[in-house]
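Engineer: fold the stuff below for me.
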Amino acid sequence: MKLALFTDTYFPQVNGVSRTLGRLTTYMDRQHVDYMLFAPDCQSDEDLFSSNIHRFTSMGFFLYPECRIALPKLTTIRKQLQGFNPDLLHIATPFNIGMSGVHYGKKLDIPMVASYHTNFDDYLKHYYLEWLSPFVWKYLMWFHQPFSSIFVPSIDTKKRLTHKGFDNLKLWRRGVDCDHYTPARKNASIRDHYNIKERYILLFVSRLAPEKNLETLQKIMWALPEEIKRQTRWLVVGDGPAMPQFKENLPGNVTFTGYRQGSELAELYATADLFVFPSATETFGNVALEALASGTPVIAARAGGLTDVVAGERNGIFCSPYKENDYTAAITRLLLDETERKMMGYEGRRYALTQSWDATFGRLIEDYETTIGTKKIAQYA
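Structural biologist: Numbering: from 1, shown residues only. Got it, this is the predicted structure:
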């Protein structure tokens, strides 16, 4: 099988889409799947000598300064595709590079699949652009028409798109590396490094943007009972356009770490007592699954893809997305009940062990092969 993957976000950009696609290409490297990837340029020489990764000049997107809008060279794409002769195109994003992939998939009669990663409709609300919603859905419906399958990360996303009239939807859930994210990564030196004197650590890991429900997170931080607040240190891991505004009005027990990855991120997950995640726009919620793999219970918004990851009252607690008192009650309950907190951490780890990346990517490759086989049967019928 030869696969051509088109995406408008990829390493070293930091978001759920780029991280998932990075893991997918790593998996295909290990499994010797022949692929070619088209993506925006980057300020890194990480793939300088990778003949199967093709980058294009890009510019910052006004809603997402970390994300890039590429200016693909269509003649280059056509030349590369004709030389590579792929069996299948996977279009991961509905922007410039994704559009280029669709164009040549139709022109060269190559079967195509897509993956849906972002609840754009929810994002618009947080940027006061709700008026664009009908146009965005109309565009997304048009864009996704040519695909044999549209892979979605959660049941909630599948229901949402079905309601909007999308067809050929298939689940492609996310996985987690349980060797990397593990309770064994717990590290007491984290407390020394961040000068944490408090008894408990509450963790939030995310790109800092309005759609992550930072306003509610801010309210949660202030609304905790004074006795709990005195014993608690918040660690906020990440960066993003909302950082300056978010930092303006916070209690004194909040520490920002910036972006963290690798072993340091895994240690933060494992060392925290609770992972608090009020975002209501997630199509899946990779960070919640990473916390569970680390043995850390999750207190999350009952919304979006998080409902596929967190099992309420087993490995975490669900809260009404915008009601800070729900979160403060859940935090207080678990911090004061060590036995329940440990049991939820155990259940989270046990669940995460069933959600390996290899299993999820293996099923995706099988779906790729089915699509290719169906196309060949149609050609010879």
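
Engineer: got the CA positions of stretch 70-80 in PDB?
Structural biologist: Provided in PDB are the C-alpha atoms of stretch 70-80 (Å, rounded to 0.1, in the frame of the first residue of the first chain):
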ATOM      1  CA  ALA A  70       0.300  26.900   3.700                       C
ATOM      2  CA  LEU A  71       0.800  28.100   0.100                       C
ATOM      3  CA  PRO A  72       1.200  24.800  -1.700                       C
ATOM      4  CA  LYS A  73       2.800  24.600  -5.100                       C
ATOM      5  CA  LEU A  74       0.300  22.600  -7.200                       C
ATOM      6  CA  THR A  75       2.800  21.600  -9.800                       C
ATOM      7  CA  THR A  76       5.100  20.200  -7.100                       C
ATOM      8  CA  ILE A  77       2.300  18.200  -5.600                       C
ATOM      9  CA  ARG A  78       1.200  16.800  -9.000                       C
ATOM     10  CA  LYS A  79       4.800  15.800  -9.900                       C
ATOM     11  CA  GLN A  80       5.300  14.100  -6.500                       C
END
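
Engineer: residue ranges of the helices in the stretch 1-150 of the chain, please?
Structural biologist: Using DSSP state H, counting those that start in this stretch, the helices of the stretch 1-150 of the chain run over residues 16-30, 74-84, 96-107, 120-126, 133-143.

Engineer: got those helices as CSV, with mean pLDDT columns?
Structural biologist: Below are the helices of the stretch 1-150 of the chain laid out as CSV (pLDDT from 0 to 100):
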stretch, mean pLDDT
helix 16-30, 92
helix 74-84, 92
helix 96-107, 94
helix 120-126, 80
helix 133-143, 94
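
Engineer: between those helices, which one is closest to Lys170.
Structural biologist: helix 16-30 (15.4 Å; CB to CB). In this view, the C-beta of every residue, glycine as well, is placed from N, C-alpha and C.

Engineer: coming back round to it: out of the helices of the stretch 1-150 of the chain, which gets nearest to Leu292?
Structural biologist: Of all those, it is helix 16-30 that lies closest to Leu292, at 15.8 Å by CB to CB.

Engineer: what residues of the closest one count as buried?
Structural biologist: Buried residues in helix 16-30, counted by 16 or more other CB atoms under 10 Å: Gly16, Val17, Ser18, Arg19, Thr20, Leu21, Arg23, Leu24, Thr25, Tyr27, Met28.

Engineer: swap in stretch 171-188?
Structural biologist: For stretch 171-188, by 16+ other CB under 10 Å, it's Trp172, Arg173, Arg174, Gly175, Val176, Cys178, Tyr181, Thr182, Pro183, Arg185, Lys186, Asn187.
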